[in-house]
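A.B. asks: Kindly generate the corresponding structure for this input.
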Amino acid sequence: MPIENNEHSLIRNLVKGDALSFDQIFSKYNKKVYAFSLRNLKNKEDAESIVQDVFVNLWTDREKLKEIKNLDAWIFMICFNTIRKHFRQLMREKKHLEKFAAYSLEDDNSTVTETEYNDLLEKAEKIIDWLPDRQKTIFLLSKKEGLSNDEISARLNITKKTVENYLTNAKSFIKKALVDEGLLSLLFYWLFIK
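C.D. replies: From the prediction side, this is the model:
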C-alpha cells in the first residue's frame, strides 16, 4: 500500500476516534515535534509540554482533519502556533511579574500587597489539591521537597518516565487553572511550576 494511502487511512480512522491510528501518528511525529520545539524554546520541559499540547490538540480537533491533505504540514502548523502561544504567554507572565515586583512591601499599600499575595497562594494551594492523589504526591515531592525525578522514582518505586508523565500532566493542569484564575496568579506558574 502506498504511504500516501496509508496516511489517508490513518487520518480517516483518527477522525473516527481510533486510538491506534492516533498512536501511530504520535509515534511517527512526536520526536520531530519535540526536536523542533526544543530548537525554538531551548528548554526540555517546555518542549515536552509543547509535544503534549500539540497531540492533545490533534486529538481534540481531529474532526478538522477531514479537509487536511498534508498531515505533516498540519501537525507542524499546530506546533508552530502552540510555540507562538507559549511565547505570548511568557510575555504576559513577564509583564505581570514586573508589575508584581514593582510593589514594595515598604509602601503604604503593603497590607493590600500581602493580602493579595496570601490570597493567590491560597488559590494555588487549592488548585494543587484538585490534582489526583498520585499526581499531587509527585508534584509536591518535586516542587516542595525539591527531589529530582530519579529520587522520586526511587522513593515511590516507579519508573522515571512515569514520574515525568505525572509531572507533565500536573503542570499542564495547574498552568491552565492558574491562567484561568487571571492576572497575578500567573506569578504562581513561575513559583510552583518553573
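A.B. asks: Run through the helices of the protein in chain order.
C.D. replies: 3-15, 19-41, 44-60, 71-102, 110-129, 133-143, 149-156, 160-181, 186-188 (DSSP state H).
A.B. asks: Single out the most deeply packed of the ones you listed.
C.D. replies: Using mean count of other CB atoms under 10 Å, the stretch among these with the greatest mean number of neighbours is helix 186-188 (a mean of 22). For every residue, glycine as well, the C-beta is placed using N, CA and C.
A.B. asks: how close does Cys66 sit to Ile25?
C.D. replies: For the record, residue 66 is Lys, not Cys. Lys66 sits 15 Å away from Ile25, going by CB to CB, to the nearest Å.
A.B. asks: oh sorry, the question was meant for Thr82
C.D. replies: Separation of Thr82 from Ile25 (CB to CB) stands at 16 Å.
A.B. asks: Lys143 now?
C.D. replies: 32 Å.
A.B. asks: same question, Tyr166
C.D. replies: Counting by CB to CB, the gap from Tyr166 to Ile25 is 24 Å.
A.B. asks: again, but for Asp129
C.D. replies: 35 Å.
A.B. asks: go on, Val51?
C.D. replies: Distance, Val51 to Ile25, by CB to CB: 13 Å.
A.B. asks: now Glu164
C.D. replies: Glu164 is 21 Å from Ile25, by CB to CB.
A.B. asks: and if you look at Leu147?
C.D. replies: 34 Å.
A.B. asks: what's the domain layout of this protein?
C.D. replies: 3-86, 107-193 (automatic domain parsing).
A.B. asks: what's the offset of the first one from the middle of its chain?
C.D. replies: Right, domain 3-86. Domain 3-86 sits 15 Å away from the centroid of its parent chain (CA atoms, centre = their mean, to the nearest Å).
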